[in-house]
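need a structure here:
(2 chains)
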Amino acid sequence: NAGVTQTPKFQVLKTGQSMTLQCAQDMNHEYMSWYRQDPGMGLRLIHYSVGAGITDQGEVPNGYNVSRSTTEDFPLRLLSAAPSQTSVYFCASSYTQGAGELFFGEGSRLTVL
Amino acid sequence: GEDVEQSLFLSVREGDSSVINCTYTDSSSTYLYWYKQEPGAGLQLLTYIFSNMDMKQDQRLTVLLNKKDKHLSLRIADTQTGDSAIYFCAEMSGGSYIPTFGRGTSLIVHP
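Numbering: from 1, shown residues only, chains lettered A, B, ... in the order given. This is a model prediction of the structure:
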């Protein structure tokens, strides 16, 4: 099992550009989520999904879109990047039953100039 | 909303014990977790405890839960330089699948 795979690991964008961060998991997890991590702010939940076709907003959803067309994939789209979106982004997945251990990807470091 | 608080930094000498503390506000928390994040990596679950337990031990790790005070701690015995990382406390209510994370405690281990 590869676990949770995120691409790209690093990306530099100019203000106003768009891009998609990819996330895939091979554990048949129902729950998938995106976090951003900023110094001193911990992890903040952006969007999450409990299954194909179902998405919902987290704590900081503005400026980001998600979709969940398959169980495996949960891409995060930045439609018009802003410097405030410079951050490290983590995708995580889990089962919705039981202790709910979250499995995290390695992270994607995004810089918006 | 519900909150999880932990101190931001802890510095210890190699070989000493480390104790990382966490407080939470949700009285319906069912699962309490400790995650570890090494530099440049994602978070990885270290251990978790059910709310009906007050202690869990796993090799060098001891988790203590005081449900009355809503206080969780992680003790690392014989701390090594490889334990240097950020440690996140998290809680989740039964029936939920979205954990609430603290801001993380940076553990620095020096010789």
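
My guess is A:Gly40 contacts B:Leu8. True?
Yes. Counting by Cβ atoms under 8 Å, A:Gly40 touches B:Leu8, with 7.2 Å between them. C-beta here means a position set from N, CA and C on the backbone, and glycine is covered the same way.

Please identify which of these two sits among more neighbours.
Here A:Gly40 and B:Leu8 are compared on neighbour count by other Cβ atoms under 10 Å in any protein chain shown; more neighbours surround B:Leu8, at 12 against 7.

Quick check, that one in contact with B:Ile108.
No. Judged on Cβ under 8 Å, B:Leu8 makes no contact with B:Ile108 at a distance of 11.2 Å.

related to what we said a few turns ago, what is in contact with A:Gly40 and B:Leu8 at once?
When Cβ atoms under 8 Å, 6 or more residues apart in numbering or on different chains defines a contact, the residues bordering A:Gly40 and B:Leu8 alike are B:Arg103.

Show me where chain B has its helices.
Taking DSSP state H, chain B contains no helices at all.

For it, list the residues in contact with chain A, please.
B:8, B:31, B:33, B:35, B:40-45, B:48, B:88, B:92, B:96-99, B:101-104 (Cβ under 8 Å from any Cβ of the partner chain).

at 10 Å instead, please
Counting by Cβ under 10 Å from any Cβ of the partner chain, chain B comes close to chain A at B:1, B:4, B:6, B:8, B:30-31, B:33, B:35, B:37, B:40-45, B:48-50, B:86, B:88, B:90, B:92, B:94-104.

taking the residues you listed one by one, which sit in strands?
B:4, B:6, B:30-31, B:33, B:35, B:37, B:43-45, B:48-50, B:86, B:88, B:90, B:92, B:100-101 (DSSP state E).

Identify the residues contacting residue 66.
Reading this off chain A. By Cβ atoms under 10 Å, 6 or more residues apart in numbering or on different chains, the residues touching A:Val66 are A:20-21, A:23, A:32-34, A:46-49, A:55-58, A:74-77.

could you do chain B instead?
B:23, B:54, B:72-73.

And those, which of them are buried?
Listed as buried from the contacts of B:Asn66 are B:23, B:72-73; burial here means 16 or more other Cβ atoms under 10 Å in any protein chain shown.

any chance of the residues you listed in a markdown table, plus distance to A:Val12?
Below are the buried ones among the contacts of B:Asn66 laid out as a markdown table (distance: Cβ to Cβ, whole Å):
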| residue | distance to A:Val12 |
| --- | --- |
| B:Thr23 | 39 |
| B:Leu72 | 39 |
| B:Ser73 | 41 |
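
Can you list the buried residues in stretch A:50-60?
Residues A:50, A:55, A:58, A:60 are the ones in stretch A:50-60 that count as buried (16+ other Cβ under 10 Å).

My error: substitute stretch B:28-36 in the last question.
For stretch B:28-36, using 16+ other Cβ under 10 Å, the buried residues are B:29-36.

And the residues you listed, which two are furthest apart?
Greatest spacing in the buried residues of stretch B:28-36, by Cβ to Cβ: B:Thr30 and B:Lys36 (21.5 Å).

what about the longest strand in chain A?
Assignment by DSSP E gives strand A:42-51 as the longest strand of chain A.

Can you tell me the strand partners of it and which way each runs?
Strand A:42-51 has its sheet partners listed here by DSSP bridges as strand A:31-38 (antiparallel), strand A:54-57 (antiparallel).

ok, residue 103 - how many residues close by?
I went with chain A, as the question did not name one. Around A:Phe103 there are 20 residues (other Cβ under 10 Å).

hm, I was asking about chain B
18.
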